[in-house]
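K.L.:
Attaching a predicted model along with its sequence, questions to come.
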Amino acid sequence: MKSSDQNNLQTSAWALVVSFLHRFIEPLVSIALFFMMALTFADVIGRYIFNKPITGALELTEFFMAIVIFLGLVLLTSEEGHVTVDLFDSFIPDKVKVIQNIFINIINLVIMTVISWQLWIKAGEAAGYGDRTEYLELPLSPLIYFMSIMVGISGLILFLILIKSLKMGK
């Protein structure tokens, strides 16, 4: 197989992975955002018109916010959409940019791995202590496990991006 054919195959495989992630995760993010919006709307109406706020609305909003943020992290990572500063890019040669990209991906991968690992430990501690929210008494450990898994998936995506960068660097 020619090198260009192999690159096209890898590019199309990557596009399929990104497409799958977006088809699966975007609706979940949209649903979580909708519920967060509807809950906030209902809480404001209840609070200011009927003088009866929704009990635990803040806790549910925080849960939905965590879901949106950590699902969004997976989408952002798959699109390689993290914030970058290209202040010196016009001065750096293309070959150095490839090395810079690989180095940055390694740093990001290490950071994502450490965050996922620490979140997993925190989730285990929360489960062990039986940590719950104050008003609704929702268990915290499932949410923290979810956050750890999403950061882990983002790390896996970064690893695939790193492999792609290494192959492009050759």
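P.N.:
Perfect, I can see it now.

K.L.:
check contacts around the spatially most central residue of the chain.
P.N.:
The residue lying closest to the centre of the chain (Cα atoms, centre = their mean) is L73, at 1.9 Å. For L73, the contact set (Cβ atoms under 8 Å, 6 or more residues apart in numbering) comprises M150, V151, S154. The C-beta positions use only the backbone N, C-alpha and C, and glycine is treated the same way.

K.L.:
In helices, which of those residues fall?
P.N.:
Applying DSSP state H to the contacts of L73, the entries found in helices are M150, V151, S154.

K.L.:
So the second one sits against I115, correct?
P.N.:
Spelled out, that is V151. Yes - contact between V151 and I115 holds when scored by Cβ atoms under 8 Å: they sit 5.1 Å apart.

K.L.:
Which one's more surrounded, the two?
P.N.:
Shown here are V151 and I115; by other Cβ atoms under 10 Å, V151 has more neighbours (24 against 17).

K.L.:
For the protein, which segments count as helices?
P.N.:
Counting by DSSP H, residue ranges of the helices within the chain are 3-48, 57-78, 94-129, 141-169.

K.L.:
I92: neighbouring residues, count only.
P.N.:
12.

K.L.:
How about G128?
P.N.:
9.

K.L.:
How about I69?
P.N.:
The local packing of I69 (other Cβ under 10 Å) involves 14 other residues.

K.L.:
which one of the ones in helices among the contacts of L73 is nearest S19?
P.N.:
For those, the minimum distance to S19 (Cβ to Cβ) is 17.1 Å, reached by S154.

K.L.:
which residues touch the closest one?
P.N.:
The neighbourhood of S154, defined by Cβ under 8 Å, 6+ apart, consists of L73, V74, T77, M112.

K.L.:
Just give me the neighbour total for the closest residue to S154 other than its chain neighbours.
P.N.:
Closest residue in space to S154, ignoring its immediate chain neighbours: T77 at 4.3 Å, by Cβ to Cβ, 6 or more residues apart in numbering. Here the number of neighbours of T77 (other Cβ under 10 Å) works out to 23.
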